[in-house]
Every structure is written in C-alpha cells, then in structure tokens.
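Student: coords please:
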Amino acid sequence: MARAPLASAMATLLLMRSFNTAGLHLSTHEKTSLDGLRAAVFAKLGDDPNLERLRVEVGEDQISDDVLEELMATLEQAAAGDPGFHLELSDFMADLQRVAGGEPTPKVQAAEPDRKPSEAQLGELEDRANGRSLSDALAASEQLVAVLTAAVEHSPAAHASRLAAALKVHGHNLASVEGPTQAVGAFTESVHIFRQVAEDSDALSLLQLAQALEALSLTFTHPDDSFAALREAYDVCERLAQLEPVASVSIYASIALRLGGTCLSLGNYRSAFTYASEAETRLWSLVEMDPDYLPDLATTLKLLGTCSLHADDFDTAERKLGQAQQILGKLAARTPDPYLGELDHVTKTLAGIRGEAET
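Tutor: Here you go, the predicted model:
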C-alpha cells in the first residue's frame, strides 16, 4: 500500500515550535517528542542552510515565506525517498497531535502485584519499547520494567530473563533520549540479573549477558571502567563459544574490537593489537557471509595499523592500513559521506609510512 505524503507543513510548524519553547506550557512528554522530531530532522538534513535560517528567524520572530516553502519541499522530498525518516517524523507528529487533542498516548494497564501479566500485555509493551518513536518507546520500556519487576517478585524463574532483557532495552531508550549516563542504572541491573540467569550457562543467557555488558561499557566516561565491563563480556564470550561456536562469532568480534579500542585509549598498544587481531579473524569470516560487517573490519584494520605504528612495525602497519584503505574505498564509492574522511586520513597515513620507507 502506498504511503501517504508527509504532512510537511505540520512537520515544519512543529519544527519551528521546537526551536522556541519559551512560554509554552509543555509536558515532559511533549518536549521529548519535539526534541526527537528536531533531532530526526537535523540528522537527515543537517547540512541544509534553511534549517539554520529558520532557527535564527524563529528567534527573531521574523520568518520568511521562502525559507518555509523551501524547507517544506525539502522535508517532503526527503521523506518520499526514505521510508524510515517518513515513519519517524510521522510517529512524532501523531504523538504530538494526540497530546494536543487531549488524547493520551496509549498505555497498557500495568499488572497488579498479585496477578500474572498476560502475554498480550507484555508483547504490546515490548513492541512499543522497540518502536521508532523514542518518547513512546521510553515510556513503554519504563512501564514494561515495572510490570515485570512486580511479576518477578511472585515468580522469579518465569520472568527474570525477560526483566533483564527489558532493562537492557530501557537502558538503550534512556541513552537515546536522556544521554548515556542516565542509562547506567538500567544496564547495571540488567547485567546483575543476567549474571544470575547465566550461571546455568545456557547459550541465550550468555549472549544476552555479553550484550548487556557491552551496552554498560558504553555508558562509562573513563576507559578503565569500560575495560572492566568489556573484559567480563570477553570472558562470557569464551564460555558462549564453547556452547555455540557459530552463534558467538559476531558478539565475540564486537567485544574484542571494543577491547582493542579501549586498550588503545589507555596506551596499552600490545593488548590493543592482541584483541584487535582476534576481532579481525572473526570479522573476515563474518564479511564472507554479510558485507554489513565491512565497516567494523575497516575499523579493526585501522586499529591494528595504529598499534603497529606505535611499535615501529611499519611493514605490518602498511599492510593493515592498506587493507583498510581498500575497504573504505569500496564503502565510500557506495556511500561517500560516512567514509570519505576516514579514507582520506588512512591514505595520508599510508603516504607518510611509504615516504619514510623510501628515505
């Protein structure tokens, strides 16, 4: 079924409102949705000069028709060419219109402490918690955690894993809306529960524990704290690999790559090279099955090249950075913006290495 065109006039009006909320009596929910809409537009159209012009003109209360018309046309065109962007904006707009019209955002009735939550209730909350509208997803994941926390008190074995998974989702939503530091508590509690569940060493629980530890590591500002969480995740991956060698490859590679980057930031180049080498081995096998792993492989090869330079191993540095250059060249040919800067940096580093070798 064809998508309805984006209501670009309404989207632009809401964008203008997000630039100047002074004097508006907004609920937290409305402000979050406006912030989300503005962030989505800037992520998609950040280079459009009309965005900055509109922001300035809103502040001066002198909005020109040509800016509005051009921006509406740009929004409509972007939404027509990107279904995900269209859906994200539509979700925020529908959310704000519901609140403006006095219709509350749909919520599922929370389970009473002495009553088991229904599968339909949990399923609806889980779907919303993983939805595109960040404000609704955050509200849903918060409610899901509350429902499952009550359920766990009465039946721990039946709901503990699901609560830990819900806390992990809630952590991601908190990090997206309020910032990584606000997600520490949710991720920490998720890890705590998964540790208990994973004592039986079933593969799924180990995988979820490793993922929760990886998510927790991203909330820390100091690399020492990140390293501790990632090192535990690495040990969990080793246990997982014994049970499910194939299923462990992706998470193992991700954890090893993050450990390599963390060690590099700590100045431990030898350990960084060791972890990155483990990531490289697994990523080459993953790339053969799925080219979506190419960016991670390029990052790993750059890391190995950097470590080799610090060790004055210029042959290895040239080889690894040369491989990274080839991959980044292919990626930049398809999608220039994310990769041209990296490609240029690697190319200049290689030129420096080869110049030194010639002298």
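
Student: where does the stretch 251-359 of the chain dip in pLDDT?
Tutor: Applying pLDDT under 70 to the stretch 251-359 of the chain flags the ranges 356-359.

Student: redo that, cut-off 90
Tutor: Across the stretch 251-359 of the chain, the ranges flagged by pLDDT under 90 are 289, 336-338, 354-359.

Student: show me where it has its strands.
Tutor: Secondary structure of the stretch 251-359 of the chain (DSSP state E, counting those that start in this stretch): no strands located.

Student: which parts of it are helices?
Tutor: Counting by DSSP state H, counting those that start in this stretch, the segments of the stretch 251-359 of the chain that form helices are 269-289, 294-310, 314-334, 336-358.

Student: L71 is nearest to which of the ones you listed?
Tutor: helix 336-358 (20.6 Å; Cβ to Cβ). In this view, the C-beta of every residue, glycine as well, is placed from N, C-alpha and C.

Student: who's in contact with the closest one?
Tutor: The contact list for helix 336-358, computed with Cβ atoms under 8 Å, 6 or more residues apart in numbering, reads 295, 298, 302, 305, 309, 314, 317-318, 321-322, 324-325, 328-329, 331-332.

Student: same check, this time on stretch 252-268
Tutor: With Cβ under 8 Å, 6+ apart as the test, stretch 252-268 has contacts from 210, 214, 217, 223-224, 226-227, 230-231, 233-234, 237, 240-241, 269, 271-276, 278-279, 282-283, 286, 293, 296, 299-300, 303, 306-307.

Student: tell me the buried residues within those residues.
Tutor: Buried subset of those (neighbour count, 16 or more other Cβ atoms under 10 Å): 210, 214, 217, 223, 226-227, 230-231, 233-234, 237, 240-241, 269, 271-273, 275-276, 278-279, 282-283, 286, 293, 296, 299-300, 303, 306-307.

Student: walk me through the domains of the chain.
Tutor: 8-100, 108-221, 248-359 (automatic domain parsing).

Student: related to what we said a few turns ago, can you list the helices of the stretch 251-359 of the chain in CSV and add distance to A137?
Tutor: What follows is those, written out as CSV (distance: least, Cβ to Cβ, whole Å):
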stretch, distance to A137
helix 269-289, 29
helix 294-310, 25
helix 314-334, 30
helix 336-358, 25
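
Student: quick one, which of those is nearest to T149?
Tutor: Using Cβ to Cβ, the nearest of the helices of the stretch 251-359 of the chain to T149 is helix 294-310, at 35.1 Å.

Student: tell me what angle the closest one forms with helix 336-358.
Tutor: Angle of helix 294-310 versus helix 336-358, following axes from the mean of the first three to the mean of the last three Cα atoms, to 10 degrees, is 30 degrees.

Student: what's the angle between helix 294-310 and helix 314-334?
Tutor: Using the same axes, to 10 degrees: helix 294-310 against helix 314-334 is 150 degrees.

Student: export helix 294-310 as PDB, just CAs?
Tutor: The C-alpha coordinates for helix 294-310 follow below in PDB (Å, rounded to 0.1, in the frame of the first residue of the first chain):
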ATOM      1  CA  LEU A 294      32.900  -4.300   6.400                       C
ATOM      2  CA  PRO A 295      32.800  -1.000   8.400                       C
ATOM      3  CA  ASP A 296      33.800  -2.900  11.500                       C
ATOM      4  CA  LEU A 297      36.500  -4.800   9.700                       C
ATOM      5  CA  ALA A 298      37.900  -1.400   8.300                       C
ATOM      6  CA  THR A 299      37.900   0.000  11.900                       C
ATOM      7  CA  THR A 300      39.700  -3.100  13.100                       C
ATOM      8  CA  LEU A 301      42.400  -2.900  10.400                       C
ATOM      9  CA  LYS A 302      42.900   0.800  11.200                       C
ATOM     10  CA  LEU A 303      43.300  -0.100  14.900                       C
ATOM     11  CA  LEU A 304      45.900  -2.800  14.000                       C
ATOM     12  CA  GLY A 305      47.800  -0.300  11.800                       C
ATOM     13  CA  THR A 306      47.800   2.300  14.500                       C
ATOM     14  CA  CYS A 307      49.200  -0.200  17.100                       C
ATOM     15  CA  SER A 308      51.800  -1.300  14.600                       C
ATOM     16  CA  LEU A 309      53.000   2.200  14.100                       C
ATOM     17  CA  HIS A 310      53.400   2.700  17.900                       C
END
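
Student: packing partners for it?
Tutor: helix 249-265, helix 269-289, helix 314-334, helix 336-358 (3 or more Cβ pairs under 8 Å, 6 or more residues apart in numbering; DSSP states H and E).

Student: tell me which residues in the last one are buried?
Tutor: Applying a neighbour-count criterion of 16+ other Cβ under 10 Å, one finds 339, 342-343, 346, 349-350, 353 buried in helix 336-358.

Student: ok, the first one next?
Tutor: The neighbour-count criterion (16+ other Cβ under 10 Å) identifies 249-264 as the buried residues of helix 249-265.

Student: tell me which of these is nearest to K44?
Tutor: Using Cβ to Cβ, the buried residues of helix 249-265 come closest to K44 at S254, 26.8 Å.

Student: how close does that closest one get to L138?
Tutor: Using Cβ to Cβ, to the nearest Å, S254 is found at 25 Å from L138.
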